[in-house]
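J.: Need a 3D model of the sequence below.
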Amino acid sequence: MAVKRRPTGTHHGDLRNALEEAALALVGERGPHGFTLAEACRRAGVSVSAPYKHFSDREALLASLALKGYEEQRRRYRIALAAHSDPVEQLAAFATAYVRFAAEERALFDITFLAGLDKSRHPELATAGGALHDDLMPVTSRLAPDPDEAFELLVQVAAAAHGLALFRQQDMLPGRWNTRSSVEEQAARTARALAGRKTC
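T.: Modelled structure (predicted):
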């Protein structure tokens, strides 16, 4: 995870990280809308005036965490893509990594995608999301040379992986199909099927 862990009682030497860690824990317990900045301060063991040295408000704190979420996704996706040379398998690996990130870093996933952050206020988030697009478009472009078709394929694969990740989180898949391994496999199969249409 991108947020560093700290021993109890050392937050005053790293206030920014202490507040991010506290917010991440609260999101894990209550979701991205279920806490206040004051609660994050109490969890971090600092005064309610402390965060304003680093964050103007609660949304700024969440935006900082969302940026870490994008960075962690990019790290994982690059590793997944590098493990294969075939573009179909690269997309399958990306879809698997997407579901795995949602499962292993749920709080970061929820902040990144469900917090409703205003990207016009936090343009760094749009830039970070664009970097993911820039990493993946060369893969889909090998299957669909037309830029519009390549982008459409990327959206389809990402949307399928995102939907499956949310299905698992919300227990919308029955029984054995709702396990992480099963959903990862389904995401990979779906990516292969979507990509396979471009190779026929």
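J.: Quick check: buried residues in the helix or strand bottoming out on mean pLDDT in the chain?
T.: Ranking every helix and strand in the chain by mean pLDDT, DSSP states H and E puts helix 37-44 at the bottom, with a mean of 91. Buried residues in helix 37-44, counted by 16 or more other Cβ atoms under 10 Å: Leu37, Glu39, Ala40, Cys41, Arg43, Ala44. (Glycine included, C-beta is placed from N, CA and C.)
J.: Ignoring the adjacent residues along the chain, who's closest to the residue most central in space within the chain?
T.: Nearest to the mean C-alpha position of the chain, counting by Cα atoms, centre = their mean, stands Phe109 at 4.0 Å. Spatial nearest neighbour of Phe109, chain neighbours left out: Ala102 (4.5 Å); criterion: Cβ to Cβ, 6 or more residues apart in numbering.
J.: I'd guessed the one you found sits against Gln169; true?
T.: Yes - counting by Cβ atoms under 8 Å, Gln169 is a contact partner of Ala102 at 6.8 Å.
J.: residues in contact with stretch 74-86?
T.: Stretch 74-86 is contacted from outside by 90, 92-94, 96-98, 100-101, 128, 131-132, 135-136, 139, using Cβ atoms under 8 Å, 6 or more residues apart in numbering.
J.: Buried residues, that stretch. List them.
T.: Neighbour-count burial for stretch 74-86 flags Arg74, Arg76, Tyr77, Ala80, Leu81 (criterion: 16+ other Cβ under 10 Å).
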